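Trainee: Need a 3D model of the sequence below.
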Amino acid sequence: MRKITALQSIMGGIAASIGLELFLHPHELIAGGITGISAMVSFYTEKHFGVLLLLFNLPLLLLYAFLGYRPVVMKVLPGLLSFSGSAFLLTPLPAVSGEPVIAALAGGLCLGVGAGLAVKSGGFLDSLGLEKHDHVRPPAIMLSSQLIPMEYLLLICHGAVLVSAGVLMGWERTLYSALACLAAYETSALVLYGLRRTVWVTASNPEEVRYEIKRRICLDAGIAAGSHADMNRIQSDLHYRIHILDIPRFKAIIRQIDPHAEVIIIYRPTSDMSNHKNDERE
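Mentor: The predicted model follows:
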């Protein structure tokens, strides 16, 4: 099992380096996070991107290890090393596409596939990546006696990287880079969670919700499993597996029937629903 996980992480690193070296970097487009910082420094100093990637990720990896994530940090190394090494090998190759838009989309696609594979193996390719629900980085960091969610800090870092790229490299390239980042983020989510989401609905009138969802979207509510102590709550809970394109319509129907209903979208397999810290509640 460990060999399969390591191989998955290595394949993710190779896929990400293909997206960068064959699509993004030839047009001087960047990704976010440490990857983007390494690329900008590489463009202006002519230092190799792969070396800078390892150099800039190392301090944050040590920080995560210091915060108590040392055993999991070791899972990051196969993907990160393959990311850096394959980038070194692919640098001499010419660009696959001469169109910046195509390069941004294709590069973001490859980068997202690589990032998703790395997170599925228990690691990541970028210490500041936006991939959700990895098990390496802490969920929040204490700053000035205030607990700041890691997701907010990562968004700030990515925004700062893109703004810096706009100032240094021009805003046209930065817009293409932002497109690549968006493509990478959505592709990684697709790799991690697939096309369907598990949704729990807690409503005051579950039978009406069940009937309307069945009539309008042709979806049947799943059977909730739980202890006898939870039966009163379970009777008011409805469980669905919904395609991501149907989620906005599903939410609108629920809000129309019961404006106070609670909708929980679960971004992981249903076998791991005991911990709800990664759920999206509405």
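
Trainee: make it CA atoms for all contacts and neighbour counts henceforth
Mentor: Fine.

Trainee: just checking, what packs against the biggest helix by length in the chain?
Mentor: Longest helix of the chain, by residue count under DSSP state H: helix 171-193. Judged by 3 or more C-alpha pairs under 8 Å, 6 or more residues apart in numbering; DSSP states H and E, helix 171-193 is in contact with helix 100-120, helix 150-169.

Trainee: Apart from its chain neighbours, what residue comes closest to residue 37?
Mentor: Once flanking residues are discounted, residue 37 sits nearest to residue 161: 6.7 Å by C-alpha to C-alpha, 6 or more residues apart in numbering.

Trainee: can I assume the one you found is in contact with residue 35?
Mentor: No: using C-alpha atoms under 8 Å, residue 161 is not in contact with residue 35, being 9.9 Å away.

Trainee: quick one: which of those two has more around it?
Mentor: More crowded of residue 161 and residue 35, by other C-alpha atoms under 10 Å: residue 35, with 24 against 21.

Trainee: From residue 73, how far off is the residue nearest to residue 37?
Mentor: 24 Å (C-alpha to C-alpha, to the nearest Å).

Trainee: How about residue 96?
Mentor: For residue 96, the distance to residue 73 equals 34 Å [C-alpha to C-alpha].

Trainee: Check residue 129 too.
Mentor: 15 Å.

Trainee: Could you list the low-pLDDT ranges of the stretch 1-150 of the chain?
Mentor: 1-2, 69-72, 130-146 (pLDDT under 70).

Trainee: Run through the helices of it in chain order.
Mentor: 2-19, 33-45, 49-64, 70-73, 76-90, 100-120, 150-169 (DSSP state H, counting those that start in this stretch).

Trainee: wait, which of the ones you listed is closest to residue 192?
Mentor: Each of these has some distance to residue 192 by C-alpha to C-alpha; the shortest is helix 100-120, at 5.6 Å.

Trainee: same for that closest one, what does it pack against?
Mentor: For helix 100-120, the contact count by 3+ C-alpha pairs under 8 Å, 6+ apart identifies helix 2-19, helix 171-193 as packing neighbours.

Trainee: How far off centre is stretch 80-93?
Mentor: Distance of stretch 80-93 from the chain centroid (C-alpha atoms, centre = their mean, to the nearest Å) equals 22 Å.

Trainee: cool, and stretch 102-117?
Mentor: With C-alpha atoms, centre = their mean, you get 12 Å for stretch 102-117.

Trainee: contact partners of that stretch?
Mentor: 8-9, 11-20, 22-24, 27, 29, 96-97, 124-125, 131, 176-177, 179-192 (C-alpha atoms under 8 Å, 6 or more residues apart in numbering).

Trainee: switch to 7 Å and redo it
Mentor: Applying C-alpha atoms under 7 Å, 6 or more residues apart in numbering, the contact partners of stretch 102-117 are 8-9, 12-13, 15-16, 18-20, 23-24, 97, 124-125, 176-177, 179-181, 183-185, 187-189, 191-192.

Trainee: All set, thanks.
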